[in-house]
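> Got a predicted structure here, sequence first:
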Amino acid sequence: MGVYFCLRWPSQMVRSKRMKASSHVQWLLSSVLLLCLVDQANGQKKGVPRGLKCVTRNLEVWDCSWKGPSGPNGTVYEVCIKSRDHCYTSVKPSIQIPALLPGDHEITIYPQNDFGSSPSKFILNEESISFIPEAPEILDLAAEFPTDTLHVEWNDRGSVFPRHANVTWQIRLLCKKRMETIALVTYNSTLNGQDTVHHWSWTSDMPLQCAAHHVEMRRYIDDPQFLGHKEWSGWSPLKSISWSSPDSQPKVFPADKVILVGSNITVCCVSQEKVLSAQIGNNNCPLIHLEGENVAIKIYNISVSESSGTNVIFNTDSNLAGTVIFAGYPPDIPKNLSCETHDFKEIVCTWSPGRLTGLLGPRNTSYTLHESFSGKNVTFKRTEESTNESYQLMFQMTPNQEIYHFTLNARNPLGQSESTILVNITTRVSPHTPTSFKVKDVNSTTVTLSWHLPGNFAKINLLCQIEIKSHSGQELRNATITGVDNSSYLTAMDKLNPYTNYTFRIRCATETLWKWSNWATEKQHLTLEGFPSKGPDTWREWSSDGKNLIIYWKTLSLSEIPDRQHRAEIQLDRNDYVISVVAKNSVGSSPPSKIASMEIPNDDPNMTCDYVIKWCNSSRPGPCLMDWKKVPSNSTEAVIESAQFRPGVRYRFFLYGCRQQGYQLLRSVIGYTEELAPVVAPNFTVEDTSADSILVKWEDVPVEELRGFLRGYVFYFGKGEQGTSKMRGLESGRADIKVKNITDVSQKTLRIADLQGKTSYHLVLRAYTDGGMGPEKSMYVVTKENSVGLIIAILIPVAVAVIVGVVTSILCYRKREWIKETFYPDIPNPENCKALQFQKSVCEGNNGLKTLEMNPCTPNNVEVLESRSTVPKIEDTEIISPVAEHALVGSEAEPENHVVVSYCPPIIEEEIPNPATADEAGGPAQVIYIDVQSMYQPQAKPGEDAEAEPAGGSGYKPQMHLPVTPALEDEDDDLDKAAGYRPQANVATWTLVSPDSPRSTDSNSEVVSFGSPCSINSRQFLIPPKDEDSPKSSGGGWSFTNFFQNKPND
Amino acid sequence: MNGRTSRQDRALGADLWFSLPAPLCLMTLLMPPFRQAAPISPAEPIKQAYSLALYMQKNTSTLLQTYLQYQGSPFSDPGFSAPELQLSSLPPAAVSFKTWHALEDAERLGRAQEAFLALTQHLQLVGDDQIDLNPGSPILLAQLGAARLRAQGLLGNMAAIMTALGLPVPPEEDTLGLVPFGASAFERKCRGYVVTREYGHWTDRAVRDLALLKAKYSA
């Protein structure tokens, strides 16, 4: 039992390590372990065989060995296998026994020596056996230098093994002196009981010439029936291969290699002298040192080469070696492969090569066109390549084959590609250009066309297109023609016009219409003459003298205006004749065209034959004929076209009906192809002129110059003299230009009324048609003088003036008293003396005033009062006249805060006072315009004022107001005042108090000072001397200003 | 392009014209009884050969530059030079001045004859190589062809001189020998470089040779 374990455990140990350790190490390890365990189990017995271990190399024979007892050599062992009842004798502690069956086997080893060692028993089974195959042997190692491929050949010795088993081979490639592993490859095979030679190839990414290569291999046989543990065999003996240079020159490998753009490549230089540098093109590369002086360089991601390849150069001291690498692309898939035939003999396949491969010359892409049904090939090879060009290959057609399956294979050293196409060649016919195209006459309306179309179209129909050009246009006719094999074709063209020049050309396709051929060279051909099929179109006119009949006809081929060649003149009497006109050519005559010489009376409008429309230029007198046109009798309208029609020319059209060759005139009309504006203006004259009207008369515009149907006249008139450009722009609608539109074309005169006498008028007349306005004709006319008007114009103003004068005189006389009182009183009424009335003149400083003139320039003090209770704060605007200003300066009673405003204009002064406001202003804490109030109160309310507000009377008081003032002490004064006027005697009163003192005004003192502007006293110091110069001062008592100012008051 | 072509045409015309005397001289060669009796003046063929050599000399650098330009870098790099590259089948033009000066007429002409014979064959080889390497370069192929024709023309002229001088004309032989047809693209490029380079050197030397002969026989 103990042995069993001893045997099992190491085997497990070994199995777990079998991939890592070499077989020797495994063996050693297991032996040690075995030894240890057997020692334990046998309890330190000396001289006993121990450590039985068995391996097999071929599964048929087991090699067992053990440790013999210590002692002298010469021990003979007897090994007995209990299950076989057989013993083996061995002089060595090892033995080969045939493989035992599965299951445990008891093995006893009897050492037979002098010491009488005791036997050992072991339990042996398959699980405890290691299967270590023999190391394989490489039969052959060969190098294929151009492809850098190594070929390895070996025998698997399968005959040695009894059973089928999988074998794994491990092949190791080593390089350089230091034996670096450059590749470790696994190869699987099976053992089939026979010796089999295996081949394996390996392609190096480095040229094989660069360094010696070594190969070794081992194997692992995985026999599923073997229960023991399986191990790798040992390595085979090393096989080496190397390249030796035939001479001492450095050599570079690989040579002329074609590689894919973007790939990597190793280039090496085999040299006996030191390589100094390497370069690709003109770029230096780092050197990789191989064995000896050999070096290599690695090129990564190579770019596409130029035409002659990419140069790689190695420099040594004395030499230069190199190689050329061609980097390019495998061929692109051929694009747009299409196949067609021109002649059913050859198929032309075209394609475009797609992307450039970058490889030229012998490395360029070769194309092979393979047809799968016939199995035929065509090859195409060229040295240059271009993308913009399409390549083509010719393939000979196989008789009776319609369907072709083409495969185009493109191949270059880097790879191949292909594209395929399946064509039914009968639908891919593109015929050649027809040749030998000929036209032959058949008759005057038919020709035959013949041509040659190369190719064999025997089984298909051709569709040919024939273009027929003549002066009257061109026509395309299709002809389906059965294909023939001799290439000659013929077709007839009918329905042509006789004696006509035709140009024919032809192209062909097959009925499936894949492609048209090119047009054949065109042929001109004149068809044969035919006899005229009908008589010429005929007309007749009597000459102007009525003696000769002129017969006109039109040539049959061309509709032209009859010229001299196409007319004949016959002298005829007025009897009715029938004239026949016959057209003749080299072939024959036409049927006659007949026309009666006389016009038949217009009696029957039901026509039996056609209509004839004849026309001529109506503006020309006499019989005329420009052309005629026959219209079928069933028509009721006809469009007449003629190159001779001109716009603006009036044509007369005659419609004739026909009956038995005779014609009757049905109607005639005039018309224009296009109306134009008249070219001349109507001539007009002034028939009569009066002071207020003009009579204008004009003439018709001649028809030739009218160029259209007259629609009316436009008459413009306006004031204007000859030589002025006043009438320019008549149509611009000027207000002073009147326009009359005369739509009655029969009207020939026009009277213009309502004009001014003796005035120059500009008259303009224009005619117009639907085509537009004609030019204008203008004239200047002066109307006659209007004497009555002039007289009236003088008399009326004179009469008016006289009447006004007389009335005025009478009035003045009647009212003389009042006038005198009003304007020139002997004694001026003092009531009329108002402060403001004469102020203007006073202001202007007239010293020499009359008595009546009061000085209106009162110093007006305006005091603005905050309230009554407080001390009146005088912060007023003292409105004074310049005179008053003087006075103030003189009195020197001026507080600092008084704003002195020079104030004078009398009109404004009148406007300021407002009685209503003045009353209110008298209230407490109000602004009181004292002077203004005082000045006006007397005027407005002479009686009330004094009583109501005695204090308000302070300040300025006009003289006339004085009597009303109760404050006046003087009774006499009152009496005087009653008289209405008071002289300036009381000078003392006026001068006592400074009239302009605000304080005096403010206080309610009895002494009210007055600064009367009308007083003499006041004038004496109020009026500044400078005013004396005023011109108004010289006025004799009243001025116009005053006069007008007073008036409203009156 | 057109100008160049027309110049080439003219050059070819000149070659043909120069090579005309050769068959005539060969005919005279075949008639030994008259050879000694009526020697032709050598001045005229020497003059013709000299003119041709001068004309060739003008184009040699262009040929070399064009050739290198089509071989890719580093051949096409400016200033490329690889004097270490030689062809054993092509006699070198370099010679010491003393040796050259001391050459007899026969040897002088014989060496040039030999060299240009080799050059014509090599130029043909290079032209073939370039059809593979640069198939899309008609300019290079045309220049190589023109150079070969001129070399042949000069050969004819030299034969005429030798005949005029009463010297034996060496038979045309295959100087190229066995061509390594399996030469790699790099070897072909190098071969072409050496041939076009040596063509220039030999043309230079021929000009000197002929100038010397011209001076000698002008009297």
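That came through fine. Because the structure is predicted, anything quoted here is derived from the model rather than measured. Numbers count the residues shown, from 1 in each chain, chains lettered A, B, ... in the order given.
> Neighbours of residue A:804, how many?
Residue neighbour count, defined by other C-beta atoms under 10 Å in any protein chain shown, stands at 10 for residue A:804. The way it works is simple: take the backbone N, C-alpha and C, and place the C-beta from them, glycine included.
> OK, contacts around it?
Contacts here follow C-beta atoms under 8 Å, 6 or more residues apart in numbering or on different chains; on that basis residue A:804 touches nothing.
> Make sure I have this right: it is in a helix.
Yes. Residue assignment for residue A:804, taken from DSSP: H, G, I helix; E, B strand; the rest coil, places it within a helix.
> Quick one: name the residues of chain B near chain A.
B:70-75, B:77, B:82, B:84-85, B:131-137, B:184-186, B:189-190 (C-beta under 8 Å from any C-beta of the partner chain).
> Tell me the bridge partners for residue A:241.
With DSSP bridges as the criterion, the beta-bridge partners of residue A:241 are residue A:213.
> can you pull the contacts of it?
Residue A:241 makes contact with A:141, A:142, A:143, A:150, A:208, A:212, A:213, A:214, A:215, according to C-beta under 8 Å, 6+ apart.
> and the residue nearest to the spatial centre of chain B, helix, strand or coil?
With distances taken as C-alpha atoms, centre = their mean, residue B:151 lies nearest the centre of chain B, 3.4 Å away. Following three-state DSSP, we place residue B:151 in the helix state.
> which residues sit against the helix or strand containing residue A:311?
With elements taken from DSSP states H and E, the one containing residue A:311 is strand A:310-316. Residues external to strand A:310-316 that are found in contact with it (C-beta under 8 Å, 6+ apart): A:250, A:252, A:267, A:269, A:271, A:273-281, A:295, A:297, A:299, A:302, A:320-327, B:71-75, B:186, B:189.
> Could you list which of those belong to helices?
Of the positions in the contacts of strand A:310-316, B:186, B:189 sit in helices, assigned by DSSP state H.
> List the buried residues in whichever strand or helix holds residue B:160.
Using DSSP H and E, the secondary-structure element containing residue B:160 is helix B:138-164. Residues B:140-141, B:143-144, B:146-164 are the ones in helix B:138-164 that count as buried (16 or more other C-beta atoms under 10 Å in any protein chain shown).
> what do you get for stretch A:136-145?
Buried positions in stretch A:136-145, judged by neighbour count with 16+ other C-beta under 10 Å: A:136, A:138, A:141, A:143.
> Which one of the residues you listed is nearest to chain B?
Distance from chain B was checked for each of the buried residues of stretch A:136-145 by C-beta to the nearest C-beta. The minimum falls on residue A:143, at 17.9 Å.
> And the closest one, which helix or strand is it part of?
Secondary-structure element containing residue A:143, defined by DSSP H and E: strand A:138-144.
> Residues contacting that strand, please?
A:149-155, A:197, A:208, A:213, A:215-217, A:236-237, A:239-241, A:243.
> just to revisit the earlier point, among the contacts of strand A:310-316, name the buried ones.
Members of the contacts of strand A:310-316 that pass the buried threshold by neighbour count (16+ other C-beta under 10 Å) are listed as A:250, A:252, A:267, A:269, A:271, A:275, A:278-281, A:295, A:297, A:299, A:302, A:320-327, B:71-75, B:186, B:189.
> Let's see which of these end up in strands.
Using DSSP state E to define strands, the subset of the buried ones among the contacts of strand A:310-316 located there is A:252, A:267, A:269, A:275, A:278-280, A:295, A:297, A:299, A:320-327.
> Now residue A:673. Nearest residue, chain neighbours left out?
For residue A:673, ignoring the flanking residues on the chain, the nearest one in space by C-beta to C-beta, 6 or more residues apart in numbering or on different chains is residue A:645 at 4.4 Å.
> how about that neighbour, phi and psi?
Phi and psi for residue A:645, reported as degrees, to the nearest 10, are phi -60, psi 130.
> follow-up on the earlier one: can I get the buried residues of stretch A:136-145 in JSON lines including pLDDT?
Conversion of these to JSON lines gives the following (pLDDT from 0 to 100):
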{"residue": "A:136", "pLDDT": "90"}
{"residue": "A:138", "pLDDT": "92"}
{"residue": "A:141", "pLDDT": "92"}
{"residue": "A:143", "pLDDT": "91"}
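> quick one: low-confidence ranges for chain A?
In the predicted model, chain A carries pLDDT under 70 at residues A:1-47, A:69-74, A:113-117, A:177, A:387, A:557-565, A:602-607, A:619-623, A:723-735, A:828-1050.
> Next: chain B.
In chain B, residues with pLDDT under 70: B:1-40, B:175-180, B:219.
> what are the ranges of the helices in it?
B:2-19, B:21-29, B:32-35, B:43-69, B:97-101, B:105-133, B:138-164, B:185-217.
> Alongside chain B, which residues does chain A contribute?
Residues of chain A lying near chain B by C-beta under 8 Å from any C-beta: A:252, A:255-256, A:279, A:281-282, A:305-311, A:313, A:318-324, A:326, A:360-362, A:364, A:383-384.
> For residue A:366, give its distance to residue A:411.
Between residue A:366 and residue A:411 the distance, using C-beta to C-beta, to the nearest Å, works out to 6 Å.
> Check residue A:137 too.
Taking C-beta to C-beta as the measure, residue A:137 and residue A:411 are separated by 41 Å.
> what does stretch A:412-424 contact?
Stretch A:412-424 is contacted by residues A:258-260, A:326, A:328-335, A:337-340, A:347, A:349, A:351, A:357, A:359, A:363-366, A:402-410 when judged by C-beta under 8 Å, 6+ apart.
> Many thanks, have a good one.
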